[in-house]
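Asker: Starting from these lines, generate the structure:
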Amino acid sequence: MQETKTNEIYTLDYIFIPFANQNDVKLRENKIIYKDDIIVNSESKKEHSPVSGLFNGVGEINSVNGITNVIIIENDFKDTVEKKKTSIYDIYKLKSDIIKKIWKPKTSEITLEIKKRDNNDFRDEFILNDNMNIILQTLDIIDQTYPDIEIKISIDKSNLKVYQSLFSYLGTYPNIIVDFNSPSQESTVLNIYEIIDIYNDIKNCNKRDYIYLTLINNQESSVIKTKKNSNLKDLLETLEISSTHAIINDNLKLTGVNFLLDENVYKIHVK
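Answerer: Residues are numbered from 1 along each chain as shown. Alright, predicted model coming up:
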């Protein structure tokens, strides 16, 4: 297999926001949607729009979790927000009580787990490299806010590229431990998206609007950065890939590519 390439694809016409209960859906009467609007507000989760545009209807789409109800948004490619946020310039200048209101640990150990599920899975590696400072600063500010908490980054022993990437930074963050073992049962395990989301909350930025995935086609491997809650069909059309068969995460076989791309998707093998 050739060397892994990277590609950013944001020119997708539609976004699909999943929902379980119609009563949780929040839309304006004029059906205009701004980027970062809360489209679904349930007790367990809030779903923000990663784009601005217009409500285009309700439908169903296949996903890692099965057939899913979705709000369909027609992307206007403007990323207009209703009200601009004032981002925090330096998170280290925030008082600890403010950070504690934003995020609270549930255990005395926090572990960021960087996964490499097989030799062709590059997603977490590329997210880390693209967001190294954000991720390490977030772990460091958690450490400073909660000094009794132990902070770890868990990586597989064979994942030398990730270790090499981290090694040159860790001298600046001496309290962050690199652990080559699986996270303990007593640890709160966070994935790489969750750390970035915590940073955005502390920074008072807009919500993360992207996902990464490894795409394998014709023995070529690419890491794609694209809009969260987009459609595999639209992505493949943009990449001029005509196949209608794919395998998601090595275990879910598709005979049609109308499929929701969310955080649960880390690898797509196009057949």
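
Asker: ok, which stretches of the stretch 151-271 of the chain are strands?
Answerer: 176-179, 188-190, 210-217, 220-227, 230-231, 246-248, 252-254, 260-261, 267-270 (DSSP state E, counting those that start in this stretch).

Asker: Kindly state the pLDDT recorded for K85?
Answerer: pLDDT recorded at K85 is 89.

Asker: now do N231
Answerer: pLDDT, N231: 98.

Asker: who does it bridge with?
Answerer: Judged by DSSP bridges, the bridge partners of N231 are L260.

Asker: I'd say it and V265 touch.
Answerer: No - if you go by Cβ atoms under 8 Å, N231 and V265 don't touch, sitting 11.4 Å apart. Glycine gets a C-beta too; all of them are placed from N, C-alpha and C.

Asker: which one of those two has more residues nearby?
Answerer: Looking at N231 and V265 with other Cβ atoms under 10 Å, you find the greater number of neighbours at N231, namely 23 against 20.

Asker: Sketch out the low-pLDDT regions of this protein for me.
Answerer: Within the chain, the segments meeting pLDDT under 70 span 1-3.

Asker: could you pull out the helices for the stretch 101-250 of the chain?
Answerer: 123-130, 132-145, 160-170, 192-203, 232-238 (DSSP state H, counting those that start in this stretch).

Asker: For my notes, please list the ones you listed in JSON lines and give mean neighbour count and distance to T4 for each entry.
Answerer: Listed next are the helices of the stretch 101-250 of the chain as JSON lines, based on neighbours: other Cβ atoms under 10 Å; distance: least, Cβ to Cβ, whole Å:
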{"stretch": "helix 123-130", "mean neighbour count": "20", "distance to T4": "8"}
{"stretch": "helix 132-145", "mean neighbour count": "19", "distance to T4": "18"}
{"stretch": "helix 160-170", "mean neighbour count": "14", "distance to T4": "10"}
{"stretch": "helix 192-203", "mean neighbour count": "19", "distance to T4": "17"}
{"stretch": "helix 232-238", "mean neighbour count": "19", "distance to T4": "17"}
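
Asker: would you turn those helices into JSON lines with distance to K104?
Answerer: Shown next, in JSON lines, are these (distance: least, Cβ to Cβ, whole Å):
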{"stretch": "helix 123-130", "distance to K104": "24"}
{"stretch": "helix 132-145", "distance to K104": "10"}
{"stretch": "helix 160-170", "distance to K104": "25"}
{"stretch": "helix 192-203", "distance to K104": "11"}
{"stretch": "helix 232-238", "distance to K104": "36"}
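
Asker: so how far is the first residue of stretch 115-129 from its last?
Answerer: End-to-end distance for stretch 115-129, by Cα to Cα, to the nearest Å: 13 Å.

Asker: wait, which of the helices of the stretch 101-250 of the chain is closest to T255?
Answerer: Evaluated with Cβ to Cβ, those place helix 232-238 nearest to T255, the distance being 12.6 Å.

Asker: what's in contact with that closest one?
Answerer: The contact list for helix 232-238, computed with Cβ atoms under 8 Å, 6 or more residues apart in numbering, reads 9, 11-14, 224, 226, 242-243, 246, 254, 257-261, 268, 270.

Asker: where's N7 relative to T226, distance?
Answerer: 9 Å (Cβ to Cβ, to the nearest Å).

Asker: neighbour count winner among those two?
Answerer: Taking other Cβ under 10 Å, N7 and T226 do not tie; T226 has more neighbours (24 against 12).

Asker: wait, that one sits on L12?
Answerer: Yes - contact status for T226 versus L12: in contact at 6.9 Å, counting by Cβ under 8 Å.

Asker: The helices of the stretch 101-250 of the chain: which one's closest to N41?
Answerer: helix 192-203 (16.3 Å).

Asker: okay, the angle between that closest one and helix 123-130?
Answerer: Between helix 192-203 and helix 123-130, the angle comes out at 30 degrees (axes from the mean of the first three to the mean of the last three Cα atoms, to 10 degrees).
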